[in-house]
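# sequence unknown, structure follows:
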C-alpha cells in the first residue's frame, strides 16, 4: 500500500482512454463502476473537447456483483457496437472490474461481431497511465497488422528510391493529454516537408483503424514520444523491419540531430545544412548580451522522462544554465534519466511523490524550476519562478495559440517560457529593492503570489480605512463581521457598493442586513 | 401529492461516485483527514474533481492498493496500519481520521470497521477513527456525505436538551445566516451537523429536532431517528419558496406562530424577489433538462419552475427517496417527468430530441453539449457554491441565467453587423 496525496499519472485505463479518444472510428467498452466516468472530464474540460470520449462504462453496482455481471458486459458491448458502429472495438476493465474477473475482452470476442476486437489487459494495481497508453497503442497496432506479418517482406528504409517517390514516414506517439502534442505534430510535419519528406500517418492523434493498417506503407517511423510509441515502434521493427528514430527534437541541438538521424536512416542527402542553425531565434537570443544574466542560473528539472531529459540538455548547452536537480515520475524512463543526471554529476530523483520533489527542490535552492503543474505550486510556495514543461495536463497547457515544444518554433516557445519567469523574478528583486523609496506605489504584486500580504495585515488595513470613511458612515460590528466573510477578491467591491447604497438610502450605520439589502439592490 | 410521472432507467451512467464529496467535507472540518483505501483511480478521481485546489498538503489522500495487498487480506490490514501510523506521525494535528472504503476495497471485502476499531484503541485520546464507504458501486456523488455523517452518529453523545439540529454541509456564511434568522424567531439552541470542528459533535436525543439542509441524507436520517431525533418534514431551503416553507416547518415544531415567521422573513423575501427579477427575465419560459448527478435536481427543478418560470422537460435524479422528497414532489407542477437512474445514451437522445434551452449536467458532458449548441450548467458547482436560503435565491438563479446570458452575448447579432 502506498500513501498518495496526489499522483502524476492516472491509472492505466486512462492511458487507454487517451488512445481511444485521440483516434477516429474506435470505441472502448470499459467494465467499470459509475464513478470512473470522471475520466471523461479530463478530455472535455482540460482539452476542451467538443466530443465525449468514445467510451461506454458498464456501470456495475454492488447489487450486480452477486448476479451476472458478465451479462451486463455483453449487453453494453452489444449496445455500443450497434450505436457507435466502430471500425475497431477496444474492450477492457478498470481496477475494480479486474478483481471480479469477468474477462470482458474474451466475452466480446465470443459475441460474433465482424470487426477487430482488442482485448486490453492493463494491470491496474501495478501499472500507470503512460504504460496503459503505450500498451493500448501497441495492442491496437498488433491486432490490426498481425495478419500482414507473414507475407510481408522486410521494409527497407531505402525503398522510396525504388518507388520513384519522396520518402514517407509515420509520426507515432502524439495523443490527447500529451504535452503540446497538437502543435508538435504540425511543427515536425513542417520540418519534414521542408526537407522533402512526406508524412504517411500520424497516430494515434487523429488516426483511424484504417490508418493503422496503412502504417506499413511508410519507409520509417518517427518515435516522437517514446512513453507512448516505443513499444509499437519496436514491434513494427521486429515484424516488418521498419526502422525508427530515437532522437526527440526538443531544443536546437536535438532538432538538428533529429533531422540528421532521419536523413541518415533514409539515406537521403541533407540540403542546406548551414541553414538549420538559423531556423530558430533561440541561438541568437541566447547569445545576445541581454542574456548574459542567464549564465549559471541554477535550474531544477522534474517531469516525464522525455521532457525532463530534453530540458536538461537545453538548459545546460543552449541557455548556459547550471542544472542542480533532475528527476522524473516515469519509472519506464528511469534508466535514461539516471544516465543524463550522471553526465551532469547529479543523482536522478525517481519518484511519484510530489512532496519528495518539493523537498529536493528546497535543498537544491534553484533560481528556476522547470516542472509539472505540481512543481509550479511547490515553486510558488518557495517563491521560485517556474515554467511548466511536462504533463500531467492542466487547462493552461492547452493554449489557444500555436505553442509547440518541438522543432524550431518549439525552441522559440521554450526560450520565452523559461526566460520570462526569470525576468519576472528579476523584477521581483527590483520591487523589493525599491519598495522603501517614496516613488514606490503600493500594490505592486508579482506573479509569484501574495507572500508579502497576510490576511491579518489586510484586515487591519481595511479596518483603518473603515474608520476613516469620509462620508461618516459607520460599520457596525455585525456589518464588519459579515464583510470579512466575503471572499477577499470581491470584498472591496462589496464594501463600496454597500456604502453607496447606505448613502443613497440615508442609512447611517451599516449592519449585516444592510449588506444583504445592498447585495439584493445591486444584483 | 401532485401528479408527477415517475420513470426508472438503467444502463451506463455518467456520474461521480461518493468519494467526490470528500472535496467539500474536508473543507468543512479542517481538523479531519479523509484516507481513501482504494486504487490509483480513486486518487486520480478526487484530484481531478477537486481541480488544482491542492495548494498545500491536502487533508485527503489515498492508500493505494498494490498487487501484494490483493494477495492476502491479513497483509493488507497490516499495510493499512503502517500507512495510518506514517500519516499520523506526519500530521499530528489531525483529530478525526475517516477511513473511506472504495470500489476495490469493498470488492475484496477489506474490513475497515475492524481496522478502525483497532486504531481507535491504539490512538485513544489522540485521534478518532471512523469508516464509511464512498464507493461507486454503492454511492453516487453527494451520497458520500450521507455515509460520512452516518459514520459520525455513534460518536455523538446523548442529550435530552431541546435543540434544532441543521443536518447537511452548508457554506459557513449561509449557516451563520440561518442561525441568526432562527434566533430572531426565538430558537436559540441551534447546532449544525457536520460541525466546523470534527470533535465538536452535537449531542442528540429525543428532543432534538432535525432539519435537513440537503436532500441526499437518507441513511443519516434513519440513524438519527433511531437515536430518538424528530425529523422535521419540509422541502429543502433552496429558493424563496423552499426556504420559507423550511423555516415555517421548523417554527411549527417549536410552536412559533406563522405570523411571527412571516414578520421576520418578509423583508428578506421582498428583497430576494427584487433580486430574482433580473434572472427571471432571462429564465422565464426557457426549457430545462436536468441530468442526474447531485441529487439536488428535484429541488432545483421546483425552484426554477415555481420561482423562475422555467419549463421542465425532464428531471433526472440518481435515485429517489420518495419519503424524503415528499414535500418537494408536492410542490412540482403536474405531469413533471422524473427519471430515476440513467441510461446516458438514451437520455442524451432525449436531450437532443427535446431541444432544451439549458441542460444541467456533469462536467464530462458539458462541453460536448455546448459544442452541439446546447447551453449547460455543471451540477458540481451547486455543491461548491453558497446557494441555500432566501438571501441566496438570486445567486442560485444566477448560476442558471449566466450561461444563457453568455450565450446571448456571444451569439448576438451586433457582432455580425458590426
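Yep, that arrived. Because the structure is predicted, anything quoted here is derived from the model rather than measured.
# for the rest of this, base every contact and every neighbour count on C-alpha atoms.
Noted.
# now the residue nearest to residue A:207 when sequence neighbours are not counted: phi and psi?
Spatial nearest neighbour of residue A:207, chain neighbours left out: residue A:23 (5.0 Å); criterion: C-alpha to C-alpha, 6 or more residues apart in numbering or on different chains. As for residue A:23, its main-chain torsions (degrees, to the nearest 10) stand at phi -100, psi 170.
# next, count neighbours for residue A:23.
Neighbour count of residue A:23, defined by other C-alpha atoms under 10 Å in any protein chain shown: 22.
# which ones are touching it?
Applying C-alpha atoms under 8 Å, 6 or more residues apart in numbering or on different chains to residue A:23 gives the contacts A:203, A:204, A:205, A:206, A:207, A:208.
# for the closest residue to chain B within the stretch 101-250 of chain A, which non-adjacent residue is closest in space?
Residue of the stretch 101-250 of chain A nearest chain B, by C-alpha to the nearest C-alpha: residue A:125 (4.8 Å). The shortest distance from residue A:125 to any non-neighbouring residue, by C-alpha to C-alpha, 6+ apart, is to residue B:66 (4.8 Å).
# any chance of the backbone angles for residue A:351?
phi -160, psi 160.
# quick check: residues of the stretch 151-300 of chain B near chain A?
Within the stretch 151-300 of chain B, the positions near chain A by C-alpha under 8 Å from any C-alpha of the partner chain are B:173, B:271, B:272, B:274, B:275, B:278.
# 6 Å - rerun?
Proximity of the stretch 151-300 of chain B to chain A is confined to B:271, B:275 under the rule C-alpha under 6 Å from any C-alpha of the partner chain.
# the stretch 151-300 of chain B: strands as residue ranges?
Along the stretch 151-300 of chain B, counting by DSSP state E, counting those that start in this stretch, strands occupy B:163-167, B:190-193, B:208-212, B:230-231, B:287-290.
# now residue B:117, what's its secondary structure?
Under DSSP: H, G, I helix; E, B strand; the rest coil, residue B:117 falls in the helix class.
# now do it against residue B:127, distance only.
Applying C-alpha to C-alpha, to the nearest Å, the value for residue B:117 to residue B:127 is 12 Å.
# quick one: whatever helix or strand residue A:498 lives in near chain B?
For residue A:498, the element it lies in under DSSP states H and E is helix A:488-505. No - counting by C-alpha under 6 Å from any C-alpha, chain B has no neighbours in helix A:488-505; the shortest distance is 13.7 Å.
# give the rounded mean pLDDT of that helix.
Mean pLDDT, helix A:488-505: 83.
# other SSEs contacting that helix?
Judged by 3 or more C-alpha pairs under 6 Å, 6 or more residues apart in numbering or on different chains; DSSP states H and E, helix A:488-505 is in contact with helix A:512-522.
# helices and strands around the helix it packs on, which ones?
With contacts taken as 3+ C-alpha pairs under 6 Å, 6+ apart, helix A:512-522 sits against helix A:477-485, helix A:488-505.
# adding mean neighbour count and distance to residue A:225, write those helices out as JSON lines.
Below are the helices and strands packed on helix A:512-522 laid out as JSON lines (neighbours: other C-alpha atoms under 10 Å in any protein chain shown; distance: least, C-alpha to C-alpha, whole Å):
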{"stretch": "helix A:477-485", "mean neighbour count": "15", "distance to residue A:225": "48"}
{"stretch": "helix A:488-505", "mean neighbour count": "15", "distance to residue A:225": "42"}
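# now for the chain, the helix or strand with the poorest mean pLDDT.
I went with chain A, as the question did not name one. The helix or strand of chain A with the lowest confidence, counting by mean pLDDT, DSSP states H and E, is helix A:455-467 at a mean of 47.
# hm, I was asking about chain B
When the helices and strands of chain B are scored by mean pLDDT, DSSP H and E, helix B:413-417 comes last with a mean of 49.
# between residue B:117 and residue B:127, who's got more neighbours?
When residue B:117 and residue B:127 are compared for neighbours, residue B:127 comes out ahead with 19 against 14, by other C-alpha under 10 Å.
# backbone dihedrals for residue B:327, both of them.
phi -70, psi -30.
# low-confidence regions, the chain specifically.
Just so you know, I chose chain A. The model of chain A has pLDDT under 70 over residues A:151-152, A:424-471, A:487-490.
# the intended chain is chain B.
Low-confidence segments of chain B (pLDDT under 70): B:1-2, B:51-56, B:412-418.
# check which helix or strand the residue of the stretch 301-450 of chain A found nearest chain B maps to.
Nearest to chain B, among the residues of the stretch 301-450 of chain A, is residue A:377, at 6.2 Å (C-alpha to the nearest C-alpha). In the assignment (DSSP H and E), residue A:377 maps to helix A:373-382.
# just the buried positions in that helix, please.
Residues of helix A:373-382 classed as buried by neighbour count (16 or more other C-alpha atoms under 10 Å in any protein chain shown): A:373, A:374, A:375, A:376, A:377, A:378, A:379, A:380, A:381.
# which stretches of the stretch 301-418 of chain B form strands?
Ranges of strands within the stretch 301-418 of chain B are B:311-317, B:337-341, B:358-361, B:375-378, based on DSSP E, counting those that start in this stretch.
# direction included, what does the third one pair against?
Sheet neighbours of strand B:358-361, with direction, are listed as strand B:287-290 (parallel), strand B:375-378 (parallel) (DSSP bridges).
# just the first one next, same as before
Here the strand partners of strand B:311-317, with direction, are listed using DSSP bridges: strand B:287-290 (parallel), strand B:337-341 (parallel).
# what's near enough to touch the spatially closest residue to residue A:60 that is not a sequence neighbour?
In space, and not counting its chain neighbours, residue A:60 is closest to residue A:33: 5.0 Å by C-alpha to C-alpha, 6+ apart. Residues near residue A:33 by C-alpha atoms under 6 Å, 6 or more residues apart in numbering or on different chains: A:59, A:60, B:136, B:137.
# let's have those residues in JSON lines, adding distance to residue A:522.
What follows is the contacts of residue A:33, written out as JSON lines (distance: C-alpha to C-alpha, whole Å):
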{"residue": "A:59", "distance to residue A:522": "46"}
{"residue": "A:60", "distance to residue A:522": "49"}
{"residue": "B:136", "distance to residue A:522": "43"}
{"residue": "B:137", "distance to residue A:522": "46"}
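# can you tell me which of these lies nearest to residue B:402?
Set against residue B:402, the nearest of the contacts of residue A:33 by C-alpha to C-alpha is residue B:136 (31.4 Å).
# the residue nearest to that closest one when sequence neighbours are not counted: neighbour count?
Spatially, and ignoring its direct neighbours in sequence, residue B:136 is nearest to residue B:17 (4.5 Å; C-alpha to C-alpha, 6+ apart). By other C-alpha under 10 Å, 30 other residues sit near residue B:17.
# residue B:17 against residue B:138, yeah?
No - counting by C-alpha atoms under 6 Å, residue B:17 sits too far from residue B:138 to count as a contact (8.3 Å).
# list the buried residues in the longest helix along chain B.
For chain B, the helix with the greatest residue count under DSSP state H is helix B:258-283. Buried residues in helix B:258-283, defined by neighbour count with 16+ other C-alpha under 10 Å: B:261-262, B:265, B:268-269, B:271-277, B:279-280, B:282-283.
# of all those, which two lie farthest apart?
B:261 and B:282 (30.8 Å).
# picking that back up, roughly how far apart are the residue nearest to residue A:207 and residue A:370?
Relative to residue A:370, residue A:23 is positioned 31 Å away (C-alpha to C-alpha).
# what's in contact with the helix holding residue A:498?
Residues from elsewhere that reach helix A:488-505 (C-alpha under 6 Å, 6+ apart): A:515, A:518.
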